[in-house]
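Undergrad: Whatever this is, show me its structure:
(chains A and B)
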Amino acid sequence: MLTLEKRPHRSAFWTWAAPPVAVLLTILFGMVLFLILGKDPVIAIKAIFWDPVFGEFAFYYRPEIVKKAAPLVLIATGLAFGFRAGIWNIGAEGQYIIGAICGAGVALAFYPLEARWIVFPLAIVAGALGGMIWAAIPAILRIYFKTNEILVSLMLVYVAQVLITAFASGLLRSPDGHGFPGSRNLSQYSAAANLDLISGTGMHWGVVAALVAVLIAFFVLTRHQFGFDVRLTGQSPRAAAFSGINPNRLVLFSMALSGGLAGLAGIFEVTGPAGQILASFPKFYGFTAIIVAFLGRLHPLGILLAGLLMALTYIGGEVAQDNLQLPAAAILTFQGMLLFAILAVDTLTMYRLRRSRKEVR
Amino acid sequence: MDINPILLLAALMVASTPILLAAIGELVTERAGVLNLGVEGMMIMGAVAGYIVGHSTGSPLAGFAGAAAAGIGLSLVFAILTQVLLTNQTATGLGLTLFGMGLASLMGQGFEPALPVTVSKIAIPGLSSIPVLGPILFQHDAIVYLSILLVLAVYLVLGYSRAGLILRAVGENHDAAHALGYPVRLVRLLAIMFGGACAGLGGAYISLVRVPQWIDGITAGAGWIALAIVVFASWKPWRLIGGAYLFGGMTVLQLNIQGDGGKIFGVTVPVEYLSMTPFVATIVVLVVMSAGRAPGSLGKSFHASN
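TA: Numbers count the residues shown, from 1 in each chain, chains lettered A, B, ... in the order given. Next up, the predicted model:
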């Protein structure tokens, strides 16, 4: 029998090797899943991982991957700070939706003003603030009433989903929409549109923001007092308290940070790829970002790679849906398995496998 | 508002049952020191499995058994990951919810119900003919009674049996329990499986009785509300009933008001704002009832070397 034995130190090898091994494991388990579904596993995996990047229609899919990765990386970068310190913001999905609603609301308030230098920045600020405020609710409730931030932030996701449906058919409904739900299309309103900076590359402002966020997060985490506080609190809350770190401030800061970034992701999505506030606004980025954060080992650079990989599985999943009639839910199952694999392989950084010896009785 | 209070209260018990079932399972899991955030995933697996098995065999009993088995199956994934491979419970539970939602959607796609399933109501002789109370309390299907009996059983086992004492010891301090020679991992494995079975039953109650049909995402957050109710109940079985019926009441009341044209005392409230009330109420209740003390080892991984 094999048993786990605690290592004296973190394994440097497995710290780097865990994510690729987890991806390989997921591919293996995924092939079993596709086999059960009656699809050719090799073709399915090729459709998911190979075709979007190197296949015949890669010129179309590559920009889509970049666009999908941007919100995931933005949200996951923010989440990583809280997760490291044991602060569980599970409601990034809600903050992302509220960010989109607030930003779109501000942009639409200026319609049809053509001054892009004022409308677009204000919309972005409103989006970030909206996400921040939505995330501050669980933070403040945790600080003052010791409520569980996991549950509160999650309940607020459901509230946000109700709100976006209400706004799409109520306050933000397009007056030119013939009574159908849905706001004006922001990607066609030149003062607020978030289009490709270089056409055909998928590089919109959200992508730029994601890259900047990764760089700043990297320096804050490794070189700044706040990053040190976060890491210390995660490793030993007691030691952190003795060294004078205010845990309440840490909760508020890391929640507001992740909420703000999720709000940014929302506003860049609604002014760009999505275009309008609608009940069918692209969802689930906030939840998938949790997987991205863990797959990236809660490290900004790792998150960048993990975000691209996860975006690939999304786009690849769409390719597989079209080519193989693979159901849309299959990719969600696949992503769940990816999270399981990374968590399981991660154990090897702290433990090693040993053949168990007979115990002395 | 012309809402019949007797019908409302009877409907309340039906609406609360899935949440109560999932919550009593999670309560046992948490009292053993394991935080399984995958309740929503296990519920939806139970919903789809119960629907498929029930409508293939035509037997509600087989449906509910299949649902419990599906819940246990998914909970075993969680158990292996967190107890054997020592993964982070919070992240694994979230993964379980995503995985369960995906898998349930896969299983439910294209399923055509072959046979009808009817879960008949059982009027308890004598008691059901009491005016007012009879129709509210004693004219339900077997699962409603089962959910309350389960709460009673959990209360008795946790508080008055040796097995319950060991389970609580494992949850309060796993190192001490291990030192006393109790099989920490085995106790936790069984508790996780019980949680899975209960969540599966709760899910099947939604797809076989409450709605009753299969729709993607049918549980719509019921699993998360069940988690909140465990906190609300301060990990005490009896209080779960109050919590679950409070939320069931909110759900039924807002549905009734929606059906009534969204009028509350003559003021019309948009449907969307009514449907968010159970979630807002959960937050309010979490704020008001934050006094409870969680089991000491809740959410911590156990490894004998520590």
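
Undergrad: The one residue in the stretch 151-300 of chain B that gets nearest to chain A: what's it in contact with?
TA: At 3.6 Å from chain A, B:E272 is the closest residue in the stretch 151-300 of chain B, using CB to the nearest CB. All C-beta atoms are positioned from the backbone trio N, CA, C, and that covers glycine. By CB atoms under 8 Å, 6 or more residues apart in numbering or on different chains, B:E272 lies in contact with A:162-163, A:165-166, A:169-170.

Undergrad: Just the buried ones among these, please.
TA: Using 16 or more other CB atoms under 10 Å in any protein chain shown as the burial test, the contacts of B:E272 include A:162-163, A:165-166, A:169 as buried.

Undergrad: ok so, going back, so the residue of the stretch 151-300 of chain B closest to chain A lies in a helix, does it not?
TA: Yes - assessed by DSSP: H, G, I helix; E, B strand; the rest coil, B:E272 belongs to a helix.

Undergrad: gap between stretch B:232-252 and the chain center?
TA: Chain-centre distance of stretch B:232-252: 11 Å, with CA atoms, centre = their mean, to the nearest Å.

Undergrad: mind listing which of the buried ones among the contacts of B:E272 are in helices?
TA: Members of the buried ones among the contacts of B:E272 lying in helices (criterion: DSSP state H): A:162-163, A:165-166, A:169.

Undergrad: Which of those residues sits closest to A:V230?
TA: Within these, the smallest distance to A:V230 is 30.6 Å, found for A:L163 (CB to CB).

Undergrad: Show the pLDDT at the closest one.
TA: If you check A:L163, the pLDDT there is 91.

Undergrad: any idea how far it is from A:F13?
TA: 47 Å (CB to CB, to the nearest Å).

Undergrad: Neighbours of the residue nearest to A:S174 when sequence neighbours are not counted, how many?
TA: For A:S174, ignoring the flanking residues on the chain, the nearest one in space by CB to CB, 6 or more residues apart in numbering or on different chains is A:R184 at 4.4 Å. The number of residues packed around A:R184, counting by other CB atoms under 10 Å in any protein chain shown, is 21.

Undergrad: just the one 10 residues further on next, same as before
TA: By the criterion of other CB under 10 Å, A:N194 has 25 neighbours.

Undergrad: Now it: phi and psi?
TA: Per-residue torsions, A:N194: phi -110, psi 80 (degrees, to the nearest 10).

Undergrad: One more: A:P175?
TA: phi -70, psi -20.

Undergrad: now do B:I130
TA: Torsion angles, degrees, to the nearest 10, at B:I130: phi -60, psi 130.

Undergrad: for it, what are its contacts?
TA: B:I130 neighbours (CB under 8 Å, 6+ apart): B:F138.

Undergrad: Extract the residue ranges of chain A that are flagged as low pLDDT.
TA: Applying pLDDT under 70 to chain A picks out residues A:1, A:356-361.

Undergrad: quick one: the helices in it?
TA: Counting by DSSP H, the helices of chain A are A:12-36, A:41-49, A:51-54, A:58-84, A:92-110, A:116-145, A:149-169, A:205-223, A:225-235, A:237-242, A:247-271, A:285-295, A:300-324, A:329-350.

Undergrad: and the fifth one with helix A:149-169, angle?
TA: In this case it means helix A:92-110. Interaxial angle, helix A:92-110 versus helix A:149-169 (axes from the mean of the first three to the mean of the last three CA atoms, to 10 degrees): 30 degrees.

Undergrad: near chain B at all, helix A:92-110?
TA: No - residues of helix A:92-110 are not located near chain B by CB under 8 Å from any CB of the partner chain, the shortest gap being 10.2 Å.
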